[in-house]
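**Q** Dropping a prediction and its sequence here:
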There are 2 protein chains.
Amino acid sequence: MGLKEKDLKTTIEMQGIKAKEASKELNVISTEQKDEALYIIAEELEKEASSILKENEADLKAGKEKGFDQAFMDRLKLTEERIADFAQGLREVAALEDPTDKVVSQWTMENGLEVSKVTVPLGVLGMIYEARPNVTVDATGLALKSGNAIILKGGSSAIHSNSAIVKVIHQALEKTAIPKDAVQFIESTDRKTAQKLFTMKEYVDVLIPRGGGALIKAVVENATVPVLETGVGNCHLYIDREADLDKALNIIVNAKTDRPAVCNAAETLIIHEEWFKKHYMELDKIFKQHSIKVHGDPTVMGYFSDASPADENDWTDEYLSLEIAIKVVESQKEAIQHIEKYGTKHSEAIITESNEAADSFMKRVDAAAVYHNASTRFTDGGALGFGAEIGISTQKLHARGPMGLPALTTVKFQMRGSGQIRN
Amino acid sequence: MGLKEKDLKTTIEMQGIKAKEASKELNVISTEQKDEALYIIAEELEKEASSILKENEADLKAGKEKGFDQAFMDRLKLTEERIADFAQGLREVAALEDPTDKVVSQWTMENGLEVSKVTVPLGVLGMIYEARPNVTVDATGLALKSGNAIILKGGSSAIHSNSAIVKVIHQALEKTAIPKDAVQFIESTDRKTAQKLFTMKEYVDVLIPRGGGALIKAVVENATVPVLETGVGNCHLYIDREADLDKALNIIVNAKTDRPAVCNAAETLIIHEEWFKKHYMELDKIFKQHSIKVHGDPTVMGYFSDASPADENDWTDEYLSLEIAIKVVESQKEAIQHIEKYGTKHSEAIITESNEAADSFMKRVDAAAVYHNASTRFTDGGALGFGAEIGISTQKLHARGPMGLPALTTVKFQMRGSGQIRN
């Protein structure tokens, strides 16, 4: 490309072009070369930890000045150990099976034409995320392992950390068969740049937003590039009339308190009226024991003296903390209607000893994962043994639920003939 | 829903709500009930053919007044036989395997939690298409068989025909287990209505545009509902230096002339210089024999006296007629660069006796289907034995290439436990 043409392109377009070019090279290099590259990046990250931590300090300082809350600062903060974890994560991804070049199906037509449907990389991934610098490393590892180039657009609050991490990745890639251009990092925090990324269909094959609802909404509404939606989980536990008390209490505590800030945590309990009237005291006890704050519908308010009345936001939003909304219903139908109205199609559970009630719930509820007598916390690539996860898809196309390496591939029909024509 | 709330909704929103409700019922009815419904619709279409043909007359008259071309009028025109074909198509879809409720994978975790990944309907499909009334029937059949509701938005030039067909479908559905609301037809040709359909994420799970490039672009650019892009095929044949003459000529003629108006027809020949200089006379002969008009690059112009010089549009657009663009190249690399620049990722072929050249081409070219020594005309659900086809996906997410019934499903993780919690 001549200088003149280059001048006409914006930085982000140039990054798109470079990523696309690099993706073509990635498409033809071997599994061994990709794995070796991940090992080299891992090593380099550990070696350069101090330079990354120094830049992370700058982000932490700026975050403090902006008055970000403790949870946010915790996610932002890097340590020697966390960087070692990043490196370990890359080595684990290297050890996974290469998801590309797998024959999905294969047959020979009557005329002798051989058809094979094989997996191939998507091409260029656009990753849009918030303050977690670990995504920079994780997403890069998964992209490269699956033969994809990646354009990273992290949150502005982690800009120094991410920039330092990418610098180390680039340094490492110089020693590998993977072109440095396969990992592009967008420094600009300008809105127009993001907007451009969302619409560069020529160079970007898929956008993967990871973060809160507002981020995901912004991507979906502005993108012409296809989007893999991830992560918002307004998950419900429905405690059926025939729920076992111990199972119900255990699962409520686990789904709410194990890791309240994650997307597969439970946010609302829907409880059958008969069960509720029988067991509200046991419920009250575990809420107190685990410092869970209750927001209740009018029925609940009549029984729990220290609950707050639930309003529309309590049904709609994720608390991501030790708070829970409770709705009392007269039937499974009413429970399902509530889930249809407020659920985010992530993970929904029924607790019951009735297999019939369970089957009906699992068939009718439209979500990536539906559970009978288990905690929603299992909707997770790690828990399910997928090895690594690029996010949890809450949409229906391409991939649904936890997305491992195969979600970063597409297929190609390869047809081998000896002059076949169609009559 | 009370009258007051209903008043606040637009017609299209009401259609979305009804389709969504109907999709829930479709999700739980049996394969037999779905198949029976398709047979009943088929029968009713044949019985009511004359009422459909009468409405089709109105469209044909309006089309004539508007001066639409012959090809367009041919696609619009219905006959007794074509309606019988529609009915036959529905019976063939009924005979196909139900794509839902298939176990994709299944395993038991160490803690005893049983995980199964099963196929389920997408929910509500939004079908946007142009003048072919057959899409109204075909898409409805595929949607219902796969357990999906459908919202149909056909071209305004076929409004009377489509409306009559849907009336018959509704009439037939009254006699089946499928709620009539499962098939919604948008009468309005207002732009705002289409715009609303493209963004009703609450009620529509996927949009499937079928038609020309402009239609598909309008959907992609305005939709927040995920889109399955179909159909534009600017397909290339690359005649390598080591191409066999007979195979090349046969495939060129077949890919260009068998059905010039379809998306898997060839639009551009890219020919290695050495081969071209050896065989331009044979080429010229077949072009004359088959009345193929040539648009050539400067090299071609030096050899073919009656060719027109190719400009940018010749490389970019589909002719969909007996015209072809020809570019002469010095290497496979140059051929691939041309395909990358102008191809639509549909079907691309190499004609060569060198397996090495073929493998390199098939690995490097990014398209739904890549061919070695065969006509691009095989990229088609019918030709590949998929039974029926909702379109040919030229995008990479969810489905790529010809889409049969499985493309209209998604998956759901069903987790069955006995009180499992995550530690």
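**A** Nice, thanks for sending it over.

**Q** where in the stretch 1-150 of chain A is pLDDT low?
**A** Residues of the stretch 1-150 of chain A that meet the criterion pLDDT under 70 lie in A:1-8.

**Q** Repeat the analysis, applying 90 as the threshold.
**A** For the stretch 1-150 of chain A, applying pLDDT under 90 flags the ranges A:1-11, A:69-72, A:74-75, A:130-132.

**Q** and it, which residues reach chain B?
**A** A:24, A:27-28, A:109, A:113, A:115, A:117, A:120, A:122-123 (Cβ under 8 Å from any Cβ of the partner chain). Backbone N, C-alpha and C define where each C-beta goes, glycine included.

**Q** Taking these, please make a ChimeraX selection of just the buried ones.
**A** The ChimeraX command for the buried members of the residues of the stretch 1-150 of chain A next to chain B (criterion: 16 or more other Cβ atoms under 10 Å in any protein chain shown) is given here:
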select /A:24,27,109,113,115,117,120,122,123
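
**Q** quick one: which of the residues of the stretch 1-150 of chain A next to chain B sit in helices?
**A** A:K24 (DSSP state H).

**Q** ok, so of the residues of the stretch 1-150 of chain A next to chain B, who is nearest B:Q289?
**A** The shortest approach to B:Q289 among the residues of the stretch 1-150 of chain A next to chain B belongs to A:L113, at 25.4 Å (Cβ to Cβ).

**Q** neighbours of A:L90, just the number please.
**A** 29 (other Cβ atoms under 10 Å in any protein chain shown).

**Q** Show me which positions of the helix or strand containing it end up buried.
**A** Using DSSP states H and E, A:L90 falls within helix A:80-95. For helix A:80-95, the neighbour count (16+ other Cβ under 10 Å) marks A:82-83, A:86-87, A:89-90, A:93-94 as buried.

**Q** For stretch A:72-81, which outside residues touch it?
**A** A:49, A:52-53, A:56, A:59-60, A:63-64, A:68, A:131-133, A:157-158, A:161 (Cβ atoms under 8 Å, 6 or more residues apart in numbering or on different chains).

**Q** Send over the lengthiest strand in chain A as CSV, restricted to the C-alpha atoms.
**A** Scanning chain A for the strand with the most residues, using DSSP state E, yields strand A:409-420. Taking C-alpha atoms only, strand A:409-420 is exported to CSV below (Å, rounded to 0.1, in the frame of the first residue of the first chain):
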residue,chain,number,x,y,z
THR,A,409,-14.2,-21.3,14.4
THR,A,410,-16.5,-21.5,11.4
VAL,A,411,-16.8,-24.1,8.7
LYS,A,412,-15.8,-24.3,5.0
PHE,A,413,-17.1,-26.7,2.5
GLN,A,414,-14.2,-28.2,0.5
MET,A,415,-15.3,-29.8,-2.7
ARG,A,416,-12.8,-32.0,-4.6
GLY,A,417,-13.8,-33.1,-8.1
SER,A,418,-12.5,-34.4,-11.4
GLY,A,419,-14.5,-32.1,-13.7
GLN,A,420,-18.0,-32.5,-12.3
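
**Q** Tell me which other helices or strands it touches.
**A** Packing contacts for strand A:409-420, counted by 3 or more Cβ pairs under 8 Å, 6 or more residues apart in numbering or on different chains; DSSP states H and E, involve strand A:114-121, helix B:245-257, strand B:369-374.

**Q** if you set the cut-off to 10 Å instead, what comes out?
**A** strand A:103-108, strand A:114-121, helix B:245-257, strand B:347-351, helix B:355-364, strand B:369-374, strand B:401-403 (3 or more Cβ pairs under 10 Å, 6 or more residues apart in numbering or on different chains; DSSP states H and E).

**Q** Give me the sheet partners of the second one and which way each runs.
**A** Its sheet considered, strand A:114-121 pairs with strand A:103-108 (antiparallel), strand A:409-420 (antiparallel) by DSSP bridges.

**Q** roughly how far is that strand from the heart of the chain?
**A** 27 Å (Cα atoms, centre = their mean, to the nearest Å).

**Q** Next, A:M14: secondary structure please.
**A** Classification of A:M14 using DSSP: H, G, I helix; E, B strand; the rest coil returns helix.

**Q** Now do the host helix or strand of A:A218: distance to the chain's middle.
**A** Using DSSP H and E, A:A218 maps to helix A:213-222. The chain centroid and the centroid of helix A:213-222 are separated by 14 Å under Cα atoms, centre = their mean.

**Q** That one and chain B in contact?
**A** Yes - against chain B, helix A:213-222 shows contacts by Cβ under 10 Å from any Cβ of the partner chain at A:217, A:220-222.

**Q** Need the residues that contact that helix.
**A** With contact meaning Cβ atoms under 10 Å, 6 or more residues apart in numbering or on different chains, helix A:213-222 is reached by A:126, A:128-130, A:153, A:155, A:191, A:194-195, A:197-199, A:207-211, A:225, A:227-232, A:234, A:316-318, A:344, A:394-395, B:199, B:201, B:223-226.

**Q** Please pick the buried ones from these.
**A** Using 16+ other Cβ under 10 Å, the buried members of the contacts of helix A:213-222 are A:126, A:128-130, A:153, A:155, A:194, A:197-198, A:207-211, A:225, A:227-232, A:234, A:318, A:344, A:394-395, B:201, B:223-226.

**Q** just checking, which of those residues belong to strands?
**A** Checked against DSSP E, the buried ones among the contacts of helix A:213-222 include these in strands: A:126, A:128-129, A:153, A:207-210.

**Q** Looking at the residues you listed, spot the one nearest A:F378.
**A** For these, the nearest to A:F378 is A:R210 (19.8 Å; Cβ to Cβ).

**Q** Tell me who's in contact with that closest one.
**A** So A:R210 contacts A:127-130, A:132, A:135, A:138-139, A:154, A:216, A:219, A:228-231, A:390-392 (Cβ under 10 Å, 6+ apart).

**Q** List the contacts of A:I169.
**A** A:37, A:40-41, A:44-45, A:48, A:90, A:136-137, A:140-141, A:144, A:152, A:178, A:180, A:182-183, A:185.

**Q** 7 Å instead, please
**A** Counting by Cβ atoms under 7 Å, 6 or more residues apart in numbering or on different chains, A:I169 makes contact with A:41, A:140, A:183.

**Q** Most neighbours among those, which one?
**A** Neighbour max across the contacts of A:I169 (other Cβ under 10 Å) = A:I41, 30 neighbours.

**Q** gap between that residue and chain B?
**A** Distance, A:I41 to chain B, by Cβ to the nearest Cβ, to the nearest Å: 25 Å.

**Q** Verify the contact between that residue and A:A172 for me.
**A** Yes - between A:I41 and A:A172 there is a contact under Cβ atoms under 7 Å: 4.3 Å.

**Q** Buried residues in stretch A:355-370, which are they?
**A** A:357-358, A:360-370.

**Q** since we're on A:L96, how many residues are nearby?
**A** 18.

**Q** what's it in contact with, if anything?
**A** A:145, A:387-388, A:405.
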